Every structure is written in C-alpha cells, then in structure tokens.
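Undergrad: Here is the input, now give the coordinates:
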Amino acid sequence: MSTAMTRTNQDTKTLYVAFELGEKEWKLAMSPDLHTRPRLRTLRSRSTRRLLEILEKERLQLGAAQIVSCYEAGRDGFWLDRFLHSHGIDNRIVDSASIEVRRRARRVKTDRLDSQKLLTMLHREALGEKGLWSVVNVPCVADEDARSLQREYRTLVKERSRSSNRIKGLLASQGAVAPRIDRGFLDWLASAKLWDGSALPSGIRTRIEREFDRWRFTHDQVLALEKERRDRTNDETDHSLDKVRALFALKGIGLGAAWTWGLEFFTWRNFRNGKQVGALSGLAPSPYQSGESQHELGISRAGNRWVRGLAIEIAWGWLRHQPDSALTHWYNERFARGGPRARKIGIVALARKLLVALWRYVETGALPEGAVVKS
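TA: Sure, this is the predicted structure:
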C-alpha cells in the first residue's frame, strides 16, 4: 500500500474507523486522532445502511473530509471491503496473525478492546509507522470466483475420504476387513461375514449402507468436477487459465496442483521477488537470535497452506520426473547422501526454490533450467 493511501494530509481531518466483525453484531471504534478517546458503536451484522448512517453522522460532526477504516481478515471475506471502497471509504483488511499482542499467559480480550486496538494501530500506520501489520491483498470478484471450483473439489475429496474411513472403521469394529471402497462394495457387503462366520448385525449393515450412499453421492460430484476441470483446461479460449496450462505442461505437475498454484497463488498476486513468493507460501525460514543463542525455528508456515502442502509433495515428484533439472542436481549434491532428517530438510528447501522458479516461469515463460515439458 502506498504512502499516499496511508498517510493523510495534516490539513485534512480524517475519521478513522476500526471494525470488529461478529456473527450477530459489529462493533465500531472511531476517532480522528491517536489522542482522542474512541467513540464506540454497535450495530447488527451486515446492516450496511445503518453502517453508512453512523459513519456519515460521525464524519459530519467531526468535519472530516475522508474516512479510513480497517478490519481483520476472517469469515466475512472481501465483500465488506468492496462495499466500503464503493462508497469512497479507504479500507484495508489486516492479517490477524500479524497483529501484535501482549505475551502474558493470560490477557483480557473482548470485542471492544479488539476494536480499540485495531484503531490505535490504524492511527500509528497513518502517522507513518512501517511494518506494523500485514495487509491482505484483495482479489477482484472474478479472480476470487475462479478459485471456487478447485476449493470445492478439495472439500469433496475430504468428505469422500471421511465416508470411506467411517465404513472401514465400522467393519473393523466387527472384525471384518473392508476391500477397496468402490461401486461394487455393496455386492461384497451382502456376503460379508463376522469372525465366527455369522452375518453382519442388521444395525451395522444398515448404517454402512447409508454411509456408502453418502460416499457414492460425493464420489459422483468429485468425478463431475474433475471432468469440468479437464474441459475448462482444454478450452484454449479461456485465457484466465493460461498459467494453469503452463504449469500443467511441465512433467511432475498434475492438473490439481496446476489449478491450485495457478488460481490460488500466481494468477492475481503481484509478487515483486522470490522472497515474497517464499514468505506467502510459508516456506520462508524463521531465524531466532537472542544474545549468544542463535538457531533456526524452521519454516514460518504462514500464508496459503494448500500451496505449501503441494509444494512439498511436488518437490518429491520433481526429483523423479525431472531428474536432469538444475534443481534436482542441487538437491542430490547437498542432501541425497544424508540421512532421513537431512533429506526432509532438503526437500523443504527444494520446494521453496521450485516455487520461485515456477513463478518466474509463469511470468516470463522461461523454463526452469533443465526442466522438460510433457510430450
């Protein structure tokens, strides 16, 4: 965010507003400067008309020319940010994990105090303090909507796995070993026997059949989404998926990884360097130094967990499918001869380097050194 957006003109009065967004109520803390006691207001959640009335009344009483606001990223997403900007309010969404807190074992926390804390930090930002918190990059409506299919797909795969595990658990509780859960499972269930050769109890059998119905329904939805994903990827007229196609063209990267990386990470974000790529994926190191003590705490694990998890998974696949690439040679020279712990540390480092190399690839079209595409 530019300095012009955060630092206001000294001759122009500004109303600063911090939101604490709850399920049933929103709390607002408002003040023109750091030394004025905040005015607190409570309104019903998502009551946008009432919100504008309160803000306009406070602005007129203060004689302010503009309103600057903020709220924590959460379940309300980005719609409120778009609403505020559409009414001329300079808003920012703050990463909750970046907000400083007291380190006491027990600290007082209420919505009122949280809103006042946010308001204080908003004033400090306006006064020019840097590195105060992390501001969330808000995608446009189209970019946000483009992520829906892949996110729904991940959710359905998890639901399908839960149903499968429940079925196997129920059978295991009766001493029976379940085969692979597929469309022929009911035929096997009809002839399944207990340890003593007797039939499954009717209650357990009925429960398993209902759980299998849920598995089959979810499985059909997963297959439908997979087909839609393939069809959209093959549609060359859809230019919103150009980066997805570029990633999928590389050996070792499947369609699911290409969709997640392309739409969650690379398409709408404007990275300036590789450090930002590593930081947002949570693969950046976390050094710790205090006095004579100096060591690494491991990766930060911040940012997008799906991108980070896939990066580790694809890094292992990269070693197999891209054996002649420069990144594979780098890993083999430094970590391949080490023990299991060294190889795990090395694969995280490789994942970070690979993610940065793929960012450069989708932005410039230059293949990672030594990498090959699918034939």
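Undergrad: right, and residue 68 touches residue 14 too?
TA: Yes - Residue 68 is within contact range of residue 14, at 5.7 Å (criterion: C-beta atoms under 8 Å). The way it works is simple: take the backbone N, C-alpha and C, and place the C-beta from them, glycine included.
Undergrad: now the stretch 1-150 of the chain, which segments are flagged as low pLDDT?
TA: Along the stretch 1-150 of the chain, the parts satisfying pLDDT under 70 run over 1-11, 105.
Undergrad: which residue ranges form the strands in it?
TA: 14-21, 25-31, 39-44, 66-72, 90-94 (DSSP state E, counting those that start in this stretch).
Undergrad: Quick check: which of the ones you listed is buried the most?
TA: Across these, averaging neighbours per residue (mean count of other C-beta atoms under 10 Å) puts strand 14-21 on top, at a mean of 23.
Undergrad: Tell me the strands beside that strand, with direction?
TA: Its sheet considered, strand 14-21 pairs with strand 25-31 (antiparallel), strand 66-72 (parallel) by DSSP bridges.
Undergrad: Same list as before, these that is, but in TSV and with distance to residue 318 included.
TA: As requested, those are exported to TSV (distance: least, C-beta to C-beta, whole Å):
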stretch	distance to residue 318
strand 25-31	47
strand 66-72	37
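Undergrad: returning to what we had before: could I get the strands of the stretch 1-150 of the chain as TSV with distance to residue 54?
TA: Listed next are those as TSV, based on distance: least, C-beta to C-beta, whole Å:
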stretch	distance to residue 54
strand 14-21	9
strand 25-31	7
strand 39-44	5
strand 66-72	11
strand 90-94	15
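Undergrad: So which of the ones you listed is nearest residue 117?
TA: Shortest distance between residue 117 and the strands of the stretch 1-150 of the chain, using C-beta to C-beta, is found for strand 14-21: 7.9 Å.
Undergrad: quick one, the closest one and strand 90-94 angle?
TA: Orientation check (axes from the mean of the first three to the mean of the last three C-alpha atoms, to 10 degrees): strand 14-21 against strand 90-94 gives 40 degrees.
Undergrad: contacting residues around strand 14-21?
TA: Under the criterion C-beta atoms under 8 Å, 6 or more residues apart in numbering, residues 8, 26-33, 45, 55, 58-59, 62, 64-72, 74, 76, 80, 89, 111-112, 114-119, 122-123, 126 lie in contact with strand 14-21.
Undergrad: again, only this time at 7 Å
TA: With C-beta atoms under 7 Å, 6 or more residues apart in numbering as the test, strand 14-21 has contacts from 8, 26-32, 55, 58-59, 62, 64, 66-71, 74, 76, 111, 114-115, 118-119, 122-123, 126.
Undergrad: and what of stretch 186-206?
TA: By C-beta under 7 Å, 6+ apart, the list of residues contacting stretch 186-206 reads 170, 174, 175, 176, 179, 208, 212.
Undergrad: tell me the average confidence for it?
TA: For stretch 186-206, mean pLDDT rounds to 91.
Undergrad: That one: which residues count as buried?
TA: Going by neighbour count (16 or more other C-beta atoms under 10 Å), the buried part of stretch 186-206 is 189, 192, 200, 204, 205.
Undergrad: And stretch 47-55, by the same measure?
TA: For stretch 47-55, a neighbour-count test (16+ other C-beta under 10 Å) marks 51, 54, 55 as buried.
Undergrad: Dump the residues you listed into CSV; add distance to residue 228 as well.
TA: Formatted as CSV, those follow (distance: C-beta to C-beta, whole Å):
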residue, distance to residue 228
51, 38
54, 44
55, 42
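Undergrad: tell me which of the residues you listed is nearest to residue 323?
TA: Nearest to residue 323 among the buried residues of stretch 47-55, with distances taken as C-beta to C-beta, is residue 51, at 58.2 Å.
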